[in-house]
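> Sequence and computational prediction follow.
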Amino acid sequence: MVDRDLVLYDSRVIIEYLDERFPHPPLMPIDPVSRARFRLALFQLERDWYALAHAIEQQPTRKAAAEPRKLLRDAVLSSAELFRQKPFFLADEFSLVDATIAPILWRLPYYEIDLPKESEPIIKYAQSIFTRPAFRQSLSEAEREMRLD
């Protein structure tokens, strides 16, 4: 990202810069305890969900992707109760965590991951995010083709 004479290239640095440069609406909670919780959630999403998604994409065959596909499905399902608590992920307002979760949830059908009935809170959450105009506008053509809703 380039802003005047500043060049940023790490996604975390870019996010923090944008949150500080354009504080309204905030991408992260204002209080330190909530910010720390969100940072932990972001770390876990990157370490677990995104690593598994990358592993699925790197496998040469559908069969080879079976194990990371199962692990990603289990990881998503294990968080179902967290999606039930608030309108957004652990918050009343859309945040950076939601922006991080949404691309993975969008790709689940593309990864051939079906969510069972008990994942209703996740499905409901995902649909509320996917219908946001900003989310739809952010999708590339390839991403739009992943799901033909």
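Nice, thanks for sending it over. In this text, all values refer to a predicted model and were calculated from it rather than measured experimentally.

> Let me see the ranges of the helices in this structure.
Secondary structure of the chain (DSSP state H): helices located at 11-21, 32-44, 51-58, 66-78, 80-85, 96-107, 120-130, 133-138, 141-146.

> relative orientation of the second one and helix 96-107 in degrees?
The one in question is helix 32-44. Helix 32-44 runs at 30 degrees relative to helix 96-107, counting by axes from the mean of the first three to the mean of the last three CA atoms, to 10 degrees.

> circling back to that earlier point, now the weakest link among the helices of the chain, please, by mean pLDDT.
Among those, helix 11-21 carries the lowest mean pLDDT, a mean of 86.

> Grab the CA positions of it and hand them over as PDB.
Taking C-alpha atoms only, helix 11-21 is exported to PDB below (Å, rounded to 0.1, in the frame of the first residue of the first chain):
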ATOM      1  CA  SER A  11      -0.900  -6.800   5.900                       C
ATOM      2  CA  ARG A  12      -0.900  -6.400   9.700                       C
ATOM      3  CA  VAL A  13       1.000  -3.100   9.400                       C
ATOM      4  CA  ILE A  14      -1.300  -1.900   6.700                       C
ATOM      5  CA  ILE A  15      -4.400  -2.700   8.800                       C
ATOM      6  CA  GLU A  16      -3.000  -1.000  11.900                       C
ATOM      7  CA  TYR A  17      -2.000   2.000   9.800                       C
ATOM      8  CA  LEU A  18      -5.500   2.300   8.200                       C
ATOM      9  CA  ASP A  19      -7.200   1.900  11.600                       C
ATOM     10  CA  GLU A  20      -5.100   4.700  13.000                       C
ATOM     11  CA  ARG A  21      -5.200   7.000   9.900                       C
END
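
> and the angle for it with helix 96-107?
With the same axes, to 10 degrees applied, the angle from helix 11-21 to helix 96-107 works out at 130 degrees.

> Out of the helices of the chain, which is the most enclosed?
Of all the helices of the chain, helix 96-107 has the most neighbours on average by mean count of other CB atoms under 10 Å, namely a mean of 20. All C-beta spots, glycine's among them, are computed from the backbone N, C-alpha and C.

> Which elements pack onto that helix?
Using 3 or more CB pairs under 8 Å, 6 or more residues apart in numbering; DSSP states H and E as the contact test, the elements touching helix 96-107 are helix 32-44, helix 66-78, helix 120-130, helix 141-146.
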